[in-house]
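Colleague: quick one, structure for this:
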Amino acid sequence: MRAQIVSMRQAGVSIRGISNAMHVAKSTVWGIINRYNQQCHCKNNHKPGWRPILDDNNHADLDANPQPWQMIWLHVWNPHQWGCIIWTNECSFELGKKSDQVRVWRTPNKKYNLTNLQVNHQSGHRSIMIWACFVGSTKGPLNAAAFIKQVYDPALLPFLNQMANAPYIQGHQNIAMMEDGAPIHTAWLSNEWHQANAIAKLPWPAHSPDLNPIENVWCKMKSPVIKHYNPHTIAELRAAIYGAWNDLPAQFLVDCLFKMHDCMQFVINHNGGPTRW
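Modeller: Numbering: from 1, shown residues only. As a prediction, the model looks like this:
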């Protein structure tokens, strides 16, 4: 339209005639003609404001380094492959803390909105930090989490050596260990220990406990620890935790691994947001 207005003006048509023919205001016609006379074009000038923060190099870097949840598709494996991962994590069991779920009023399809989720905070209750692991349908040792001295050397390493001959792992070259990005897992002592013992680690996105099937194990254990054992002292709490761990059926671990595909796909579909796992 701007080119037509300029052409009509150059052909001798009046401003009023152009306005009537193009059905635009005379002030608009004047503006287009004046801009053409001053700048020899009728395009819009660059809009004022902040300069773009990201340049071409930034965009290229973003394309080459996607968000962690975008890389999850690399790990959409089958249950057998998930069964070759040593799943590990820590969990805090508090004395006297109820394990019942908190219920909220919400609108349909808003279950996983952040406003409908409860954030856990540190409290002054007496608690025990427990570390555990499992691979396939086999439970590993349960330890108080002090890592290299109390977990890695006396518990994890013997378990890994034992599981190296398991039927579903034997000969599998992709066995790896899953740990989240907690500082205690990424400290140089921990990394040095993994390298010294030739233990590969599965790349893992930050803030993703719902992707770790052992979180379902903790959830399964916490209810009987409080309701069935009803501990009143730290010693009773520790005994209750070990009892719940020993009572955990192996089939539950297998079921968790069979749900991994759906869990990963859910995270991908929701752009890394909260899930029901």
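Colleague: so the nearest residue to residue 25 once chain neighbours are set aside versus residue 192, what's the distance?
Modeller: Closest residue in space to residue 25, ignoring its immediate chain neighbours: residue 19 at 6.5 Å, by Cβ to Cβ, 6 or more residues apart in numbering. For the C-beta atoms, the positions are set from N, CA and C on the backbone; glycine is no exception. Look at residue 19 and residue 192: by Cβ to Cβ, to the nearest Å, they are 79 Å apart.
Colleague: comparing the two, which residue is more hemmed in?
Modeller: Each of residue 19 and residue 192 had its neighbours counted (other Cβ atoms under 10 Å), and the higher figure belongs to residue 19 (18 against 11).
Colleague: show me which residues of the helix or strand that that one is a member of are buried.
Modeller: Assigned by DSSP states H and E, residue 19 belongs to helix 15-22. Under the neighbour-count criterion of 16 or more other Cβ atoms under 10 Å, helix 15-22 has 18, 19, 22 buried.
Colleague: may I have the phi/psi pair for residue 105?
Modeller: phi -90, psi 130 (degrees, to the nearest 10).
Colleague: neighbours of it, how many?
Modeller: Residue 105 - counted by other Cβ under 10 Å - has 5 other residues nearby.
Colleague: again, but for residue 40
Modeller: 7.
Colleague: with residue 239 instead?
Modeller: Around residue 239 there are 14 residues (other Cβ under 10 Å).
Colleague: kindly report the same for the one 10 residues further on.
Modeller: One way to gauge burial is a neighbour count; for residue 249, by other Cβ under 10 Å, it gives 11.
Colleague: pretty sure residue 131 is in a strand, no?
Modeller: Yes - assessed with DSSP: H, G, I helix; E, B strand; the rest coil, residue 131 lies in a strand.
Colleague: can you start the count at 624 instead of 1 from here on
Modeller: Let's use 624 as the start, then, which means that last one is residue 754.
Colleague: thank you kindly, that will do.
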